[in-house]
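Participant: sequence first, predicted coordinates after that:
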Amino acid sequence: MPKIIIDDNKGLYQTSGKGVVGLTQSKTVNASWSAGTTIASGAITIPANSLITAIHTVVTSNITGTAGNNIGIKAGTTAGGNDIAISANMSTVANATVARKQGQSTNSELSTALRASAALVITAGQAYLADETDLHITATSSDAAFTAGALQFTVEFITFE
């Protein structure tokens, strides 16, 4: 696969390598609850020399569980890790359900629009990834296990040359 680059001198051009340089990109993973207190993205590979510009989570199928649980979202370089973004409360499971179309983002305006309890914040010094890195985004119940639900996890990034 060729590498695609855009710059002011040459415009849009291809060279050997892989990926896209200089344009905002995104990768999205859909994940469904299968057991326990978490819904996890699995590994989302981010290219070397990339700046994470946003992380978004959207409920795509109602999340159900015991009423009163908080759902925290975190992101890390290992499964269940939080070195990229420490857990922030997306929602409280009121009436045992978090409805579709709710979610959370590192963008505070989107978090408000998605009715998040708090915006997710990328940890200082962790937005730039010098090496190709697997990013894992995890939703965790504060108490009892989920009984159903699905989330869409999206990470936006810009890769530098």
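Facilitator: That came through, no problem.
Participant: what is the neighbour count of the closest residue to Tyr128 other than its chain neighbours?
Facilitator: Excluding its sequence neighbours, the residue lying closest to Tyr128 (CB to CB, 6 or more residues apart in numbering) is Leu51, at 5.2 Å. No exception for glycine: its C-beta is placed from N, CA and C like everyone else's. Using other CB atoms under 10 Å, Leu51 has 15 other residues around it.
Participant: tell me the contacts of the most centrally placed residue in the chain?
Facilitator: The chain has Ile55 as the residue nearest its centroid, 4.0 Å off, counting by CA atoms, centre = their mean. Taking CB atoms under 8 Å, 6 or more residues apart in numbering as the contact definition, Ile55 lies against Ala75, Ile84, Ala85, Ser105, Thr106, Leu120, Ile122, Ile137, Phe153, Thr154, Val155, Glu156.
Participant: give the helix, strand or coil label for it.
Facilitator: At Ile55 the chain is in strand, as set by DSSP: H, G, I helix; E, B strand; the rest coil.
Participant: just the pLDDT for it.
Facilitator: Note on Ile55: pLDDT of 97.
Participant: what does the one 3 residues further on give?
Facilitator: At Val58 the predicted local distance difference test score is 96.
Participant: tell me what the one helix or strand Ile39 maps to is packed against?
Facilitator: When secondary structure is defined by DSSP states H and E, Ile39 falls within strand 38-40. Packing partners of strand 38-40 (3 or more CB pairs under 8 Å, 6 or more residues apart in numbering; DSSP states H and E): strand 24-32, strand 133-141, strand 146-159.
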